[in-house]
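>>> Fold the following and give me the result.
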Amino acid sequence: MSVSMMAGGVRKSRINGILSEFKGCEGVELVRLGPVSISAIRTVARISTAGDPDAGQALAVMDGVRRLAILDYEDSSEQTRREITGKLDRALKDADLLMEAKDGDDVMKMYGVVDEKTGDVRDFVLYAPGDCSLICVFGKVSMKAIEKLMQQEAEDND
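Next up is the predicted model:
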């Protein structure tokens, strides 16, 4: 087991390599946020949403996030889209698929490693090959916090 991969987990080094390889290609947009940026965003959000329970719950979901990467390659050439999709498919092949959501031809795949003791998901990846998009949330996301947020949102919509 290497540092960049948990058993059944997302191969962070491989994903980061793919992101670096295609960064700067025409039609490829990549946003990466590291620990300092994530911390600054969290601090600003806490200050600006003080007293709002919904916002507080949303922030609790992100407490364990250390890095974030967002890739959008929809506007790239057909060849680049095929290359990126093929490499991402291979990189995620052995990762734990948590859920796959389908809406017609659109597919959203969610990967990560669930810690059975804490209920946290580590290295959460959302991948929509048909939409040419990938979102990587490296660190941990509290499933309990997500559950509370979803309950709160459902109550607000009633």
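
>>> hey, let's count contacts and neighbours off CA atoms from now on
Fine.

>>> name the helices or strands packed onto the helix or strand where Ala91 lies?
Per DSSP states H and E, Ala91 falls inside helix 78-92. In terms of contacts (3 or more Cα pairs under 8 Å, 6 or more residues apart in numbering; DSSP states H and E), helix 78-92 is packed against helix 12-22.

>>> Could I have the CA atoms of the helix holding Ala91 written out in CSV?
The C-alpha trace of helix 78-92 is given here as CSV (Å, rounded to 0.1, in the frame of the first residue of the first chain):
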residue,chain,number,x,y,z
GLU,A,78,-12.9,15.3,-29.2
GLN,A,79,-9.4,13.7,-29.0
THR,A,80,-8.5,15.4,-25.7
ARG,A,81,-11.9,14.4,-24.2
ARG,A,82,-11.4,10.8,-25.2
GLU,A,83,-7.8,10.8,-23.8
ILE,A,84,-8.8,12.3,-20.5
THR,A,85,-11.9,10.1,-20.1
GLY,A,86,-9.9,7.0,-20.9
LYS,A,87,-7.2,7.9,-18.4
LEU,A,88,-9.7,8.8,-15.6
ASP,A,89,-11.6,5.6,-16.3
ARG,A,90,-8.4,3.6,-15.8
ALA,A,91,-7.3,5.5,-12.8
LEU,A,92,-10.7,5.0,-11.1
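
>>> In this structure, what residue spans correspond to strands?
29-33, 65-72, 97-103, 106-114, 120-128, 133-142 (DSSP state E).

>>> Now do the first one: which elements does it pack against?
Pointing back at strand 29-33 there. So strand 29-33, by 3+ Cα pairs under 8 Å, 6+ apart, packs with strand 65-72.

>>> between the strand it packs on and helix 78-92, how big is the angle?
150 degrees (axes from the mean of the first three to the mean of the last three Cα atoms, to 10 degrees).

>>> my guess is Ile38 meets Arg67, correct?
Yes: proximity of Ile38 to Arg67 meets the contact threshold set by Cα atoms under 8 Å, at 7.0 Å.
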